[in-house]
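In: Structure for this input, please:
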Amino acid sequence: GVQGQQAKMDEIRALQEELQRAQQSGSISRLSERNCVQLIMKLKELELLNVLYTQDGKQFVTPEQLEQEVQDEVLVHGGRINMTDLQQIVNMDLSHIEAAVTNVMKHNSGYHFIHGEIISETYITSMCEEIDELLQEAGQVALGELCTRFNLPLSFLSEAASERIGTHIHGVIDQSSIYTSAYVARQTARIRGLFTAITRETAISPLVKEHKFDDRLFNTILHDLIKNGRLDGDLHGRGDKAVYVPGIVARTQAKWVSTFFAENNFIEYDAARQLGIHDGKSFLLARCKGIPLVTCVVSAQLVSICNAAVEEAIASGGWIDAAEQLPTPLSSADVAAVLARCDALKKPGTAEIFCDTKVCSRALIDSSIALFEPDLVAAANSLPPPRPAIEEPDSKSKKRGDRAKAAAPKSELPDVLRTEALVAKLSTHVAEADDTFLTELANQISRPLQARLQELQRSVFVAGGESGERRKLRDENAEKFRDLFITLRLCERGLALFKDDMAAVHKFLLRGPGLDMLYLVLQIQAADHGVALQAVTPDNAVTAAKNFPDSVRPALVKLAELLQGKTLSPYLDAVEDASGELDVLIRKTDKKREKGILVAAYEEGLAKLRTEFEPATVLHRVVLLLFQKHTGNLLRAPGPAVPKLVAHLKGVLSDAEHALVLSFQQRVAKQLTDKRKAEGDGVDELAKSLEADVDRVKALVATAPDA
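Out: From the prediction side, this is the model:
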């Protein structure tokens, strides 16, 4: 053993001597600093070495070493360091430091990069422990104050605190503050105690201020107490207008409202306000399931009662004051709203409403007009020949005040048409009616009575002064005028079926039948006033109208100007309004007469079609007849409108019929195009194809439409 140890010691001494000789000997070859730098650069270029320069370029650092230094510095600085400070410490370019920080965070979830600072979990934990100390001292702390204290964004601090509630922070957190459980419990107990003692509807905002509740917790706690049934009540409104209604109060209010509504079929909004109900209208609608009016809610049963009374009045040809059928507290506006919901009044021409609440049947209005017939006949025989216009009595200024009226002074009205005379006679005809209602009824029948008086005056004048031949010609022109007017009204009804732009058809009707109708009026007026009348066209119609006397000139000029319009309806309305003034009265359209015009128009079109063989003309006539046959409406239209009519017929013809008409129309269009281009043989073949189908197309309208 001793010899072995001695051998080892000898070996060690020999190695020491060899090391000493090596240290004392000079280097045979040695690398300079520049050579070392070049060597490192070459190795880096060959990607055999990965190192980073320091900012002064005197040192090299590996990425791994830089990452370690970053973590060390974060630790040294208590878990939080700014990137600017870190750069100065490690003496590296900021881009290298950012890359190192990214790698550190990638491989270690315990680091966060917030607003240019690196923060570790250690720092966050210590921060939360400090927050807990503050919380336990104050009972609550605002997150906004903590953000200022720790210079951190609210979202980050709130998330960090939320994750450590129950571990490092002993309390509860909401969107704006952190509270201790004891603090929340004290607030909850105070709120529960106060609101349990409330026995009437109370505003919330004053209570919060008076009792110094934490307004950040108040709403949450109060809603939770109500939701969980700890408080018997409910909240109405929001913000400063919020009101707490105890359950006993709400149940009492609801019971009273339901009972009153069930017994009376209505309840006023004022009644809810008097009960102290916040937003009374919504409350009543939710509890009563009724119909909201201007000042109250009514039941559907009440509307049905009123509707039945209105139906009975219309059926008996009388009148009714709807206000008497409804509860007294309802205002005139409420009664008008109920009448608007009555089905009996939705059919046009059945009744009129006067004084907002009184319903007068059409039969009563007609019988009231007929009541004055003897007086009108007597007046027509005693009065001078009719003037262009007679003013009607004072009309309802609020409802009809914007209507254009004739400008004749009231003093020129015959006694029989004065308002006082009309009301006096109506009082004997309409039972139990007050003067207000009778006055409005008088205003309603005044215009028809004036028109009838003018008609009787003209009859007397014609019978006494005109020759038989002239009277006959005048009557013929008047009948032609009325037939043309009805024809255009029927065309207007047909145009209403189209959704497409039918401007071309409107223009065609205005410049065609519309011009003919104006010419008939001008002929009648020319004979009456001795005015020479030349041929009238759309271009010179206004000039021709200006040659007539002042009494009829404005009405004639207006009609002539409307011929240049874009739609038919304004012209027809103007004709109807001016008919009495122009001595061509239009009587109420008779369904029998309309039917006669429709039948005659169809037969006339069919007769012309039988002798027509030119494809384009055949197509035009057939399409118009098909429209009348299948829609029951009349229409006159120019050739360019045919494609739109064909498209419209798709919904009324069978598939086979529409396919035939559409094919025929397409071939007619192609034929017209080819003729303009003069494409020889193709035109002949197309003509033969059309000729072969002419009879088939005509057959579609061979039978008259159903009566």
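In: so where's the stretch 251-400 of the chain shaky on pLDDT?
Out: Applying pLDDT under 70 to the stretch 251-400 of the chain flags the ranges 276-280, 286, 382-400.
In: same thing but 50
Out: Scanning the stretch 251-400 of the chain with the threshold set as pLDDT under 50 gives 387-400.
In: residue ranges for the strands of it, please.
Out: Assigned by DSSP state E, counting those that start in this stretch, the strands in the stretch 251-400 of the chain fall at 266-268, 291-292, 296-298, 319-321, 351-354, 358-361.
In: I would like the residues contacting the first one, please.
Out: Residues outside strand 266-268 that contact it (C-beta atoms under 8 Å, 6 or more residues apart in numbering) are 257, 260-261, 284, 288, 290, 295-299, 302, 326-327, 329-330. C-beta here means a position set from N, CA and C on the backbone, and glycine is covered the same way.
In: of these, buried ones?
Out: By neighbour count, with 16 or more other C-beta atoms under 10 Å, the contacts of strand 266-268 hold 257, 261, 284, 288, 290, 295-299, 302, 326, 330 as buried.
In: Let's have those residues in TSV, adding distance to Leu94.
Out: Output for these, formatted as TSV (distance: C-beta to C-beta, whole Å):
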residue	distance to Leu94
Val257	73
Phe261	77
Leu284	70
Cys288	73
Gly290	74
Thr295	75
Cys296	76
Val297	73
Val298	78
Ser299	79
Leu302	82
Leu326	84
Leu330	81
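In: Check these against Thr188 and report the nearest one.
Out: Val257 (33.2 Å; C-beta to C-beta).
In: what sits against the residue nearest to that closest one when sequence neighbours are not counted?
Out: Leaving aside its sequence neighbours, Val257 sits nearest to Arg287 (C-beta to C-beta, 6 or more residues apart in numbering; 5.2 Å). Taking C-beta under 8 Å, 6+ apart, we find Arg287 in contact with Ala254, Val257, Ser258, Phe261.
In: Mind picking the two most distant members of these?
Out: By the measure C-beta to C-beta, Ala254 and Phe261 form the most distant pair in the contacts of Arg287, at 10.6 Å.
In: tell me the two of the buried ones among the contacts of strand 266-268 that are most distant?
Out: Farthest-apart pair in those is Val257 and Leu326; separation 19.3 Å (C-beta to C-beta).
In: sorry, back to before: out of the contacts of Arg287, which sit inside helices?
Out: If you go by DSSP state H, the contacts of Arg287 have Ala254, Val257, Ser258, Phe261 in helices.
In: Distance to Ala351 added to these, as TSV?
Out: Supplementary listing: those in TSV, determined by distance: C-beta to C-beta, whole Å:
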residue	distance to Ala351
Ala254	39
Val257	35
Ser258	35
Phe261	30
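In: For Leu624, state which of these is nearest.
Out: Of these, the one sitting nearest to Leu624 (C-beta to C-beta) turns out to be Phe261, at 59.6 Å.
In: how close does the closest one get to Pro327?
Out: Separation of Phe261 from Pro327 (C-beta to C-beta, to the nearest Å): 11 Å.
In: Which residues are in contact with each of the two?
Out: Residues touching both Phe261 and Pro327 by C-beta under 8 Å, 6+ apart: none at all.
In: What count of nearby residues applies to Val430?
Out: Counted with other C-beta atoms under 10 Å, the neighbours of Val430 add up to 19.
In: let's have the chain start at 562 instead
Out: That works, and once the first residue is 562, the last one we named lands at Val991.
In: wait, doesn't it sit right on Leu925?
Out: Yes - using C-beta atoms under 8 Å, Val991 is in contact with Leu925, at 7.0 Å.
In: List the residues that are in contact with both of those two.
Out: Each of Trp880 lies in contact with both Val991 and Leu925 under the rule C-beta under 8 Å, 6+ apart.
In: hmm, back to that, can you tell me which of the buried ones among the contacts of strand 827-829 is nearest Leu1081?
Out: Leu887 (51.7 Å).
In: Angles on the backbone of the closest one, please.
Out: phi -120, psi 160 (degrees, to the nearest 10).
In: measure it to Thr741 for me?
Out: 63 Å.
In: now stretch 1056-1074, how far from the chain's geometric center?
Out: How far stretch 1056-1074 lies from its chain's middle: 29 Å, per C-alpha atoms, centre = their mean, to the nearest Å.
In: I'd like the average pLDDT over it.
Out: Mean pLDDT, stretch 1056-1074: 87.
In: Now do the buried residues in it.
Out: If you call a residue buried by 16+ other C-beta under 10 Å, then stretch 1056-1074 has these buried ones: Leu1056, Met1063, Val1066, His1067, Lys1068, Phe1069, Leu1070, Leu1071, Arg1072, Pro1074.
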